[in-house]
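Participant: sharing a model prediction with you, sequence too.
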Amino acid sequence: MQKFRNTKTITVIGMLTAVSVILGYLKIPVTSLIEIRFTNLPIAVGGALLGPVAGGLVGALSDIVQYLAKPTGPFFPGFTISSCVTGIIFGLVLKSKNEPASSISIKRIILAEVLVTLLVSLPLNSLWLSMLYGNGFIAVLSSRLLKELVMFPINTVLLTAVIKPVGRFNKLFLPISVKK
């Protein structure tokens, strides 16, 4: 928790949250059910650069701020939990003390995307949608399955394209070590 007293760390969390909120308004429709969204990219970067706590914080804050800036429906805290868990997963899988973010292997990126899809996107988000709109969980889950299968390789390519260049510059804006 010592690193959260560092101004640079707090600034990076705030900037990644802002970028996530802005990217939340951008989407590329592929079909009527499938859209390419970019919201998770800054959340993943936060987890990869700063660890699971910061990744979860960026995820939760971006969901709340995006709702406050431009509500597109009712606020549902389940989606805040999903965003937080997404950041935690990215932080646990992508953050390493021994290697910089620029050298994250494609295997770890794929693992992170698999875990986010299997633990958050499919079960949790389907549960929240089922609860929010009163539809059966299995019906919501089955309708989202094809979407997640299509989006998995797209999300993996997007994350790979973003995480490596950003990781090269993390020493410019993040402290190398925190003094106690």
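Facilitator: Arrived safely, thanks for sending.
Participant: who's in contact with T160?
Facilitator: I106, I109 (C-beta atoms under 8 Å, 6 or more residues apart in numbering). Glycine gets a C-beta too; all of them are placed from N, C-alpha and C.
Participant: and stretch 98-109, average pLDDT?
Facilitator: For stretch 98-109, the mean per-residue pLDDT is 82.
Participant: end to end, how far does it reach?
Facilitator: Taking C-alpha to C-alpha, to the nearest Å, stretch 98-109 runs 16 Å from one end to the other.
Participant: again with stretch 129-145
Facilitator: Stretch 129-145: ends 14 Å apart by C-alpha to C-alpha.
Participant: residues contacting it, please?
Facilitator: Residues outside stretch 129-145 that contact it (C-beta under 8 Å, 6+ apart): L33, P74, F76, G78, S121, L122, P123, N125, S126, L127.
Participant: now do the buried residues in it.
Facilitator: Across stretch 129-145, burial judged by 16 or more other C-beta atoms under 10 Å covers L129, S130, V140, L141, R144.
Participant: returning to what we had before: ChimeraX command for the buried members of the contacts of stretch 129-145?
Facilitator: Here is the ChimeraX command that picks out the buried ones among those, judged by 16+ other C-beta under 10 Å:
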select :121,122,125,126
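Participant: tell me the two of the contacts of stretch 129-145 that are most distant?
Facilitator: P74 and L122 (22.0 Å; C-beta to C-beta).
Participant: chain center to stretch 75-95: distance?
Facilitator: Centroid separation between stretch 75-95 and its chain, computed with C-alpha atoms, centre = their mean, to the nearest Å, is 6 Å.
Participant: can you list the buried residues of stretch 129-145 in TSV and add distance to R168?
Facilitator: Shown next, in TSV, are the buried residues of stretch 129-145 (distance: C-beta to C-beta, whole Å):
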residue	distance to R168
L129	38
S130	42
V140	40
L141	39
R144	35
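Participant: that'll do, ta.
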